[in-house]
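Novice: have a look; sequence and predicted model below, questions after that.
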Amino acid sequence: MLSIVRSLLVTFLILTSKFSFCQSDYDVAILKKMKAKKIEWGYFGGDEVAKVYKNKKWGLYLISVYDEKNIDIKAIIEPKFDSLGWFEEKPFAIVKNNNKYGIFLNPFEIEDSGDRVQCSFSKIKVKEQDGYYYTLIQENNLWGLLDWFEQEIIIDCIFETSDEVPLQTVSPWEIDIIKRAKKLLDCDLILFDWVNGDGVFIGRNRATKNWGMYQDLEGAEIKTIIPSNYEHITFFSWNGKFTAVKQNGRIGFYLSRFSYGNQSKQSVPCIYEDYKLYENNNVIKLACLRDGYWGWVDWITGEERSEFKYESKEDLVYPAYSQEEWIEE
């Protein structure tokens, strides 16, 4: 039995060494025919291809070898990059020119992918999260976010580390919103409401660093939902009637324009340290933390509806008061 195993192993080594020798011979023949210096084989978007180094640049080719004298070479993209990465399961590759990096889309799917490349970033990092790929870019030692398909910057390079950059995906029409908001609202950071959609976003004013909430539908006038007065704004929950806002490190609450129209306003002042929402019979009640103690707050009127004497949320006694949901005219 041992002799059989040894015999099979020797046969395998002989066959693989012959294949390696033949492959090497073919590579020499390919390089000679192309007048190139280097060749690397791999997969690009699921297809076996060869990267070829010629005239000090890398290109991408489909190459079929029938024998050393019968070689079919088809250029996918002529040599134009200082370096050219593989897909590695991503829907794009990283390329480099003149010490700057860019994104190269799948040339089998995007006909003009080579022409789209803009090598203009000092660094590119790729993060994969929940099945999405995010391309973090660096300019002037600061980090931002690039939409890898549209080749558009969707978060400016304003963060000192890549870990600080918020991750978001956007559609082409949301990219247009970003451009309008930067111009009309002078925002340096724009984040979209992925729960409610409908063109709702929060924008940070470049000068004051305060946030506002806005809506932009198909290029119409940008509507202000919450004015740009806050250090932080939480997006409304699905069909939510109010949301949290923050000033001077303290939390208050703002009524939804979608529910209350022109009656939308800040209904609870920014004087609380924390909060928790409770739901009973489809009615939301609001508990807040003030000066280290918990109590109940009417989110329509801002009135405190209990003593603030509970040291933890678990100690709260569920209140008997009726929480109104509509503003009396």
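Specialist: Great, that's in hand.

Novice: which strand or helix spans Tyr61?
Specialist: strand 57-67 (DSSP states H and E).

Novice: that strand: what's the following helix or strand?
Specialist: strand 70-81.

Novice: tell me the pLDDT at the residue lying closest to Leu289 once chain neighbours are set aside?
Specialist: Nearest residue to Leu289, sequence neighbours excluded (C-beta to C-beta, 6 or more residues apart in numbering): Asp274, at 4.0 Å. Glycine gets a C-beta too; all of them are placed from N, C-alpha and C. Note for Asp274: predicted pLDDT of 98.

Novice: tell me the contacts of Asp274?
Specialist: Residues near Asp274 by C-beta atoms under 8 Å, 6 or more residues apart in numbering: 251, 288-289.

Novice: return the list of helices and strands in contact with the helix or strand encompassing Lys285.
Specialist: Element membership for Lys285, per DSSP H and E: strand 283-290. Secondary-structure packing of strand 283-290 (3 or more C-beta pairs under 8 Å, 6 or more residues apart in numbering; DSSP states H and E): strand 266-272, strand 274-280, strand 293-297.

Novice: for the stretch 201-329 of the chain, which segments count as strands?
Specialist: Ranges of strands in the stretch 201-329 of the chain, per DSSP state E, counting those that start in this stretch, are 211-215, 223-230, 232-233, 242-247, 250-255, 266-272, 274-280, 283-290, 293-297.

Novice: gap between the third one and the chain center?
Specialist: Looking back up the chat, that one is strand 232-233. Centroid separation for strand 232-233 versus its chain: 20 Å, with C-alpha atoms, centre = their mean, to the nearest Å.

Novice: quick one: residues in contact with it.
Specialist: 202, 211-213, 226, 243-246, 254.

Novice: list the contacts for the closest residue to Asn97 other than its chain neighbours?
Specialist: Sequence neighbours aside, Cys119 is the residue nearest to Asn97 in space, at 4.1 Å (criterion: C-beta to C-beta, 6+ apart). The contact partners of Cys119, taken as C-beta under 8 Å, 6+ apart, are 81, 95-98, 100-102.

Novice: mind listing what Phe92 touches?
Specialist: 103-106, 133, 135, 148-149.

Novice: quick one, strands of the stretch 51-200 of the chain?
Specialist: Under DSSP E, counting those that start in this stretch, the stretch 51-200 of the chain gives strands at 57-67, 70-81, 83-84, 92-97, 100-105, 123-129, 132-139, 142-147, 152-159, 187-192, 200-205.

Novice: dump those to CSV, plus distance to Lys265.
Specialist: Below are the strands of the stretch 51-200 of the chain laid out as CSV (distance: least, C-beta to C-beta, whole Å):
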stretch, distance to Lys265
strand 57-67, 59
strand 70-81, 56
strand 83-84, 56
strand 92-97, 46
strand 100-105, 44
strand 123-129, 37
strand 132-139, 36
strand 142-147, 33
strand 152-159, 30
strand 187-192, 23
strand 200-205, 18
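
Novice: can I get those strands in JSON lines with distance to Ile300 and mean pLDDT?
Specialist: Below are the strands of the stretch 51-200 of the chain laid out as JSON lines (distance: least, C-beta to C-beta, whole Å; pLDDT from 0 to 100):
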{"stretch": "strand 57-67", "distance to Ile300": "62", "mean pLDDT": "93"}
{"stretch": "strand 70-81", "distance to Ile300": "61", "mean pLDDT": "94"}
{"stretch": "strand 83-84", "distance to Ile300": "60", "mean pLDDT": "96"}
{"stretch": "strand 92-97", "distance to Ile300": "49", "mean pLDDT": "96"}
{"stretch": "strand 100-105", "distance to Ile300": "49", "mean pLDDT": "97"}
{"stretch": "strand 123-129", "distance to Ile300": "38", "mean pLDDT": "97"}
{"stretch": "strand 132-139", "distance to Ile300": "38", "mean pLDDT": "97"}
{"stretch": "strand 142-147", "distance to Ile300": "38", "mean pLDDT": "98"}
{"stretch": "strand 152-159", "distance to Ile300": "36", "mean pLDDT": "97"}
{"stretch": "strand 187-192", "distance to Ile300": "27", "mean pLDDT": "96"}
{"stretch": "strand 200-205", "distance to Ile300": "22", "mean pLDDT": "97"}
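
Novice: Ile175 is nearest to which of these?
Specialist: Across the strands of the stretch 51-200 of the chain, Ile175 has its closest neighbour in strand 152-159 (5.1 Å, C-beta to C-beta).

Novice: sounds good, over and out.
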